[in-house]
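Undergrad: Based on what follows, work out the 3D shape:
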Amino acid sequence: MAHEDPDAQPARWAARQDDRRRGPVLRAFFDADGRLLQVPAKHTKRLLVLDVLAQEFVPGERYPETEVNNRLRAYHDDVAALRRYLVENLFLAREAGVYWRTGGSVELEEPEGPEGPEGRATGRQS
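TA: Numbers count the residues shown, from 1 in each chain. The predicted structure follows:
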């Protein structure tokens, strides 16, 4: 079996390595219902957990502190600590009790095929 050279495809290789690390870490810190069991002490693991929490917030939208608390409470009761970690690690920013997402991973939408959304023709010539 040939091994892929990590220098040949750095972005793809890094993403594959990240997927292998994320799963076990996330399973160790979240229960089957998606509740956070504890905040990891190790910084690299904490960043993975915080990235999951950041997905609750849409980039570009602003949230009052009560809304942030409500969303985070679904994961863990210590919402003050989670908010602090999210801000300290640049996943969220805050000003005057209003929060917005500033970091974390984003899911990219799949590009549309030549038929466009919902299978309708786009008028492009082949």
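Undergrad: And the next helix or strand past the helix or strand of the chain with the lowest mean pLDDT?
TA: Across the helices and strands of the chain, mean confidence by mean pLDDT, DSSP states H and E is lowest for helix 10-29: a mean of 68. With elements assigned by DSSP states H and E, the helix or strand that comes after helix 10-29 is helix 43-54.
Undergrad: For that next one, enumerate the helices and strands it packs against.
TA: Identification of packing neighbours for helix 43-54 by 3 or more CB pairs under 8 Å, 6 or more residues apart in numbering; DSSP states H and E yields helix 10-29, helix 79-88. The C-beta positions use only the backbone N, C-alpha and C, and glycine is treated the same way.
Undergrad: One more pass at 10 Å, please.
TA: If you count contacts as 3 or more CB pairs under 10 Å, 6 or more residues apart in numbering; DSSP states H and E, helix 43-54 packs onto helix 10-29, helix 79-88, strand 92-95.
Undergrad: got the contact list for the second one?
TA: By CB atoms under 10 Å, 6 or more residues apart in numbering, the list of residues contacting helix 79-88 from outside reads 36, 39, 46-47, 49-51, 53-54, 56-57, 65, 68-73, 75-76, 78, 91-94, 99, 101-104.
Undergrad: one step back: of the helices and strands packed on helix 43-54, which approaches E61 most closely?
TA: Nearest of the helices and strands packed on helix 43-54 to E61, taken as CB to CB: strand 92-95 at 11.3 Å.
Undergrad: Let's see the closest one as CSV, backbone CA atoms only.
TA: Output in CSV follows, covering the C-alpha atoms of strand 92-95 (Å, rounded to 0.1, in the frame of the first residue of the first chain):
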residue,chain,number,x,y,z
LEU,A,92,-16.7,35.2,19.5
ALA,A,93,-16.2,38.9,20.1
ARG,A,94,-18.2,41.1,22.4
GLU,A,95,-19.1,44.7,23.0
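Undergrad: which SS state does L72 fall under?
TA: helix (DSSP: H, G, I helix; E, B strand; the rest coil).
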